[in-house]
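A.B. asks: Compute the structure for the input listed below.
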Amino acid sequence: MNKINPLIFILSLSFLIFFIIQFSPGLFPLMEPDSYDYLKIANSNIRTAIYPGINEVFDFLNINIIYFQMIFLSTSISLLIFSLFRKLNNLVFLIIFFFLVTSNYYYTSFSKTILSESFFFSFINIAVSIIILVTTFKKGHLILLGLLMGLIITIKPIGLTFAIPIILAVFFKLTNDVHHKLIFIFSIIIVIFIENLFFYSNHEKRSSVLPVAMTGKIFIISGQDNFNYKFFPNEYHNLIKDVQIKSKEVNRFLNSINNPLLRIDLASDYEAVFQTQIRKHLVNIKDKTFTKFQDDMNNFYICLNNNFNNYITISLSHYIGQWLTGPKYIFLNNDRFKNEDAIPLYENLLLSSSKFTKPKNLQLYASLLFFLFLFITFTLISIISIYQDWRQKKISFNSLLIISIQTYLIATSFINIASIRYLMPMYPIIVIVIILFLNENLIKNKKKNVFRK
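C.D. replies: Numbering: from 1, shown residues only. Okay, the predicted model is just below:
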């Protein structure tokens, strides 16, 4: 197997994966609710310029971006497989990885819709492939890896949380050459500079979804018994009291649910309702007052200062919720909840859900069980690997990936809501971590058996 030509291997595998993606079920429509933002840079100042810029170039060249996304994602997956082949030379693990990634239709479906996820997935896959393949980092490797880190950071700002541990590892561990370090950092900066250049040529200022996300957290926490709206400025008291009535109703409903998976899933959905529908559907408040409340981050700090434990509890719930594939589709239709009147803000829940082709119940159960198993396995491996490295006073390659993944997942759960969508960029890398851990322990066991003989 070592005599296989790398280029032929990657191209052949890319073609096969593209064929699988092309004919696999697509779970999303071409245009999602926020897809308009990604069509042109000028369409939204809360999105970065990378994806809309690529889309505008492709539109000018009359190239179908969806086909390119499928090709690019296929190539990035094949590079991951090739890097595993070079590192492990274990056909069984390669087949397992290939099957787990290509059969995840939810993961591959993002390449068939106008969103930045598919490029985000691909940049991460290629970056990890380089780190696996390269033993001695030369100038060319560092330039390419730096560009990829820059793209990961700029295409989705949350990508910074994944990139930081890798950037620090390259800077302090993977190369000792000061010149190479500067080249690596410059490659990252040049991507950020170009993105800013294109963005500010279309917008006067950059906005963020962060105020919306933080407002949703204040409103969902306001329904807790220990929440006191009087800590906030007087001008917001009427707004918070009105929201608090809705939030208390929601929190009572969530507390009455015995199924923890369903409770976690619905808690995230309700927070999404409080993020996006308060002003239009739930309270009667002046737009100026609401906008001022939402844009003032000091309100979140007031909430955090007085309701820190609630914030931590909700965020940990979101962390687990990222691993859940829609328990509401399985458990919400039991006898207790068949009456829609028993579910508070039911119509608002429907509005907050994006269009999604619901799989069959058997697939839903299998998917839920698989990701719960993945969550437990990855959590245990994370604890074991980091503990072992801590004892040996080193950071192994596997621990580096674990730290990057966990930093991203923790940041996402504390900043936003729970969604399996946020787990997907990390999905292939999580599988790689598990495979590398199993392979390392198999080798150790073989050595022990040989020594005993």
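A.B. asks: Run a quick neighbour tally on Phe15.
C.D. replies: Using other C-beta atoms under 10 Å, the number of residues around Phe15 comes to 14. C-beta coordinates here come from the backbone N, C-alpha and C atoms, glycine included.
A.B. asks: My error: substitute Phe290 in the last question.
C.D. replies: The local packing of Phe290 (other C-beta under 10 Å) involves 16 other residues.
A.B. asks: Surely it is in contact with Tyr236?
C.D. replies: No. Taking contacts as C-beta atoms under 8 Å, Phe290 lies outside contact range of Tyr236: 9.2 Å.
A.B. asks: what's the longest helix in the protein?
C.D. replies: Scanning the chain for the helix with the most residues, using DSSP state H, yields helix 361-392.
A.B. asks: Please spell out which residues along the next helix-or-strand element following that helix are buried.
C.D. replies: Downstream of helix 361-392, the next assigned helix or strand under DSSP states H and E is helix 397-415. For helix 397-415, burial by neighbour count (16 or more other C-beta atoms under 10 Å) applies to 398-415.
A.B. asks: List the contacts of stretch 81-96.
C.D. replies: The contact list for stretch 81-96, computed with C-beta atoms under 8 Å, 6 or more residues apart in numbering, reads 1-2, 6, 9-10, 13, 97-98, 128-130, 132-133, 432, 435-436, 438-439.
A.B. asks: switch to 6 Å and redo it
C.D. replies: With C-beta atoms under 6 Å, 6 or more residues apart in numbering as the test, stretch 81-96 has contacts from Phe9, Ile10, Ser129, Ile132, Leu133, Ile435, Asn439.
A.B. asks: And it, what's buried?
C.D. replies: Ile81, Phe82, Ser83, Leu84, Phe85, Lys87, Leu88, Asn90, Phe93, Leu94, Ile96.
A.B. asks: got the end-to-end distance for it?
C.D. replies: Stretch 81-96 has an end-to-end distance of 10 Å (C-alpha to C-alpha, to the nearest Å).
A.B. asks: model confidence over that stretch, on average?
C.D. replies: Average pLDDT, stretch 81-96: 91.
A.B. asks: Show me where the stretch 51-200 of the chain has its helices.
C.D. replies: 65-88, 91-102, 105-109, 117-133, 139-155, 159-169, 178-200 (DSSP state H, counting those that start in this stretch).
A.B. asks: just so I know, which of those helices lies nearest Asp295?
C.D. replies: helix 178-200 (19.8 Å; C-beta to C-beta).
A.B. asks: okay, the angle between that closest one and helix 159-169?
C.D. replies: 160 degrees (axes from the mean of the first three to the mean of the last three C-alpha atoms, to 10 degrees).
A.B. asks: ok, Leu7 - how many residues close by?
C.D. replies: Leu7 is flanked by 9 other residues according to other C-beta under 10 Å.
A.B. asks: Test my guess that Phe198 contacts Pro52.
C.D. replies: No. Using C-beta atoms under 6 Å, Phe198 makes no contact with Pro52, being 8.8 Å away.
A.B. asks: mind showing which ranges of the stretch 351-453 of the chain have poor pLDDT?
C.D. replies: Scanning the stretch 351-453 of the chain for pLDDT under 70 picks out 353-359, 446-453.
A.B. asks: where does Gly223 fall, helix, sheet strand or coil?
C.D. replies: Under DSSP: H, G, I helix; E, B strand; the rest coil, Gly223 falls in the coil class.
A.B. asks: Mind pulling the model confidence for it?
C.D. replies: On the pLDDT scale, Gly223 gets 93.
A.B. asks: Scan the helices and strands of this structure for the one with the lowest mean pLDDT.
C.D. replies: Least confident helix or strand of the chain, by mean pLDDT, DSSP states H and E, is helix 346-352 with a mean of 78.
A.B. asks: Go through that one and flag the buried ones.
C.D. replies: For helix 346-352, the neighbour count (16+ other C-beta under 10 Å) marks Asn348, Leu349, Ser352 as buried.
A.B. asks: Closest to Glu32 out of the contacts of stretch 81-96?
C.D. replies: Nearest to Glu32 among the contacts of stretch 81-96, with distances taken as C-beta to C-beta, is Ser129, at 28.0 Å.
A.B. asks: what about that closest one, neighbour count?
C.D. replies: Ser129 is flanked by 23 other residues according to other C-beta under 10 Å.
A.B. asks: show me what contacts it?
C.D. replies: Leu79, Leu80, Ser83.
A.B. asks: Distance to Leu210 for these - can I get that in JSON lines?
C.D. replies: Output for these, formatted as JSON lines (distance: C-beta to C-beta, whole Å):
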{"residue": "Leu79", "distance to Leu210": "33"}
{"residue": "Leu80", "distance to Leu210": "31"}
{"residue": "Ser83", "distance to Leu210": "34"}
